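S.K.: predicted model follows, preceded by the sequence.
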Amino acid sequence: MTLFDYFQLSTVVVIVCVIATKTIYLRVATAINPIVIGRGKGPWQIVEMLSLGSLLLWLAELVLHALHSRYDIFPEEVNLAFLRTVPLKIAGVVLVSLGLITFILAFLSFGSSWRIGIDRKSPGTLVTGGIFGITRNPIYVAFNLYFIGILLINGTWFFLIFALLASVAVHVQILREEDFLRKQYGENFEDYGKRTPRYLIW
């Protein structure tokens, strides 16, 4: 295993620990279950479950690839020499690190309003402070940085295709959430949207 492999595995551990800690805290301190994915009805419920399954597959492939396991599911590299250079791997480390920092800052800013999925029963308050003053969707920005960084570190077709599909899926989910937030918080969300970009610009 290389330093890049250890780095990838350590970031996975950090993300899992942050999510688990936040989930347990909200369950104990507020009696809120923040994981509401798949609760909806109709086609979006299926889409959410498929997205979750895809993310778990990506996570499994990341761990297997970093461990150089013989059970690696999608090991084939993209046939582009520049994708296998050390400078590009270092760029991947930078993007993953930025994503991880953004992810942690978002969790700190979220307070008790953090959810996985759209919580129509107990959505919490509209969060606009902290890193949410820079971007309306810091966790999704973090995910995009993370997925692209992992692609640059590993350079396989699986991580390339996943990064492309994930960026589309993230944008669709953002539009869904914005529609919900607009209905839930009305003018407060509209004002927030006017002064804060959806990603880092625009």
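M.R.: Great, that's in hand.

S.K.: nearest residue to the middle of this protein?
M.R.: The centroid of the chain falls nearest to Phe143 when counting by CA atoms, centre = their mean (3.2 Å).

S.K.: can you give me the pLDDT of that one?
M.R.: You'll see Phe143 listed with a pLDDT of 94.

S.K.: for it, what are its contacts?
M.R.: Counting by CB atoms under 8 Å, 6 or more residues apart in numbering, Phe143 touches 99, 103, 166, 170. For glycine as for every other residue, the C-beta is placed from the backbone atoms N, C-alpha and C.

S.K.: okay, and it sits in which element?
M.R.: Element membership for Phe143 (DSSP states H and E) is helix 138-154.

S.K.: rounded mean pLDDT for the very next helix or strand once past that helix, please.
M.R.: Following helix 138-154 in sequence order, the next helix or strand is helix 157-185 (DSSP H and E). In this model, helix 157-185 has a mean pLDDT of 92.

S.K.: picking up where we left off before, of the contacts of Phe143, which is the nearest to Glu178?
M.R.: The closest of these to Glu178 turns out to be Val170 (CB to CB; 12.4 Å).

S.K.: nearest residue to the closest one in space, please, no chain neighbours.
M.R.: Leaving aside its sequence neighbours, Val170 sits nearest to Tyr140 (CB to CB, 6 or more residues apart in numbering; 4.8 Å).

S.K.: then Ile37?
M.R.: Distances taken as CB to CB, 6+ apart place Gly117 nearest to Ile37, at 3.7 Å, with adjacent residues excluded.

S.K.: am I right that that neighbour is in contact with Val36?
M.R.: Yes - at 3.9 Å, Gly117 and Val36 qualify as touching, with contact defined as CB atoms under 8 Å.

S.K.: which secondary structure element of this protein has the lowest mean pLDDT?
M.R.: helix 43-66 (a mean of 88; mean pLDDT, DSSP states H and E).

S.K.: that one: what's the following helix or strand?
M.R.: On the C-terminal side of helix 43-66, the closest following helix or strand by DSSP H and E is helix 86-110.
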